[in-house]
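Trainee: return atomic coordinates for the entry below.
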Amino acid sequence: MTALVVSVFVAALLGSVHCAGMCGGLACFVAGSADARATAAYNGGRLLSYLALGVVAGAAGAGFDRVGMIAGIARPAAIVAGFLMIVWGGATAVAAAGARVPVLSTPAGAGRALARALRVVRDRPPAQRGLVLGVLTPLLPCGWLYAFVVTAAAAGTPLAGALVMGAFWLGTVPVMAALGLGLQRASGPLRRRLPALAAAALIVIGLLTITGRFVAARTHAPAAAHPAPRAIVAPDGHAARS
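Mentor: I've put the predicted structure just below:
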């Protein structure tokens, strides 16, 4: 489990440039005039939402695994999640190379809810504005985020799912905080290479998830101990073993 959490953190850190593109405008709207409290509240709101997503995904993955056990299929959640992570990592790599790939669009209901929230909190104090919009960040059509929600499902328990999403959040904090505070200046060559590195990290996580390297070892009930042989005295006086 520790290896999975560390890997998710590294992948999120490398891929946080994607978060800058998806959520950068929202983060800057939250901060207003480089307000550190608003930026902290925004990232705190994101953490609350991500942990909730992790708990739900982990519980769903556990239920999927139980259904798989009934059907005689081992670790179906990890296999499906690993496959989806590889697909998403491949699509990210193709996009980083300059090719056009399909992108998610905001569902109509989610888009309306986010627009309504922006209007409601526009004149609120910066910290309140930041917290509300941080909580609502998952309404954005962010495939990168939901690739890690799938990873949380592969973790197999609500707690493990929350840990995965907490690691994802932590990896995105440096770039998102910098955006909110107006400090977003990444070196050109490094910025260009980060999406490809993030895609490679996601593919590796997907492969290791499929092969079971990130699945916590399950404890099996110990085999019933064989009873110690008893000595039986035969009629001729010789001891026999049973």
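Trainee: pretty sure Ala74 sits in a strand.
Mentor: No. Assigned with DSSP: H, G, I helix; E, B strand; the rest coil, Ala74 falls outside any strand and is coil.
Trainee: isn't Leu133 up against Tyr42?
Mentor: Yes. The pair Leu133 / Tyr42 is scored as a contact, 6.2 Å apart, by CB atoms under 8 Å. C-beta: built from backbone N, CA, C; applies to glycine.
Trainee: of these two, who's got more company?
Mentor: Using other CB atoms under 10 Å, the more surrounded residue of Leu133 and Tyr42 is Tyr42, with 31 against 24.
Trainee: look at the closest residue to the more buried one other than its chain neighbours and say how many residues are nearby.
Mentor: Nearest residue to Tyr42, sequence neighbours excluded (CB to CB, 6 or more residues apart in numbering): Gly130, at 3.6 Å. Neighbour count for Gly130, taken as other CB under 10 Å: 30.
Trainee: state the helix or strand in which Gly130 lies.
Mentor: Here Gly130 sits within helix 126-136, counting by DSSP states H and E.
Trainee: same question for Leu84.
Mentor: Going by DSSP H and E, Leu84 is part of helix 76-96.
Trainee: got a list of contacts for that helix?
Mentor: Helix 76-96 has contacts (CB atoms under 8 Å, 6 or more residues apart in numbering) with 15, 18, 60-62, 64-65, 67-68, 101, 143-144, 147, 150-151, 153-154, 156, 195-196, 198-203, 205-212, 214-215.
Trainee: may I see the buried residues of it?
Mentor: 76-82, 84-86, 88-89, 91-93, 95-96 (16 or more other CB atoms under 10 Å).
Trainee: and the angle from the longest helix along the chain to helix 76-96?
Mentor: With secondary structure taken from DSSP state H, the chain has its longest helix at helix 36-70. Helix 36-70 runs at 130 degrees relative to helix 76-96, counting by axes from the mean of the first three to the mean of the last three CA atoms, to 10 degrees.
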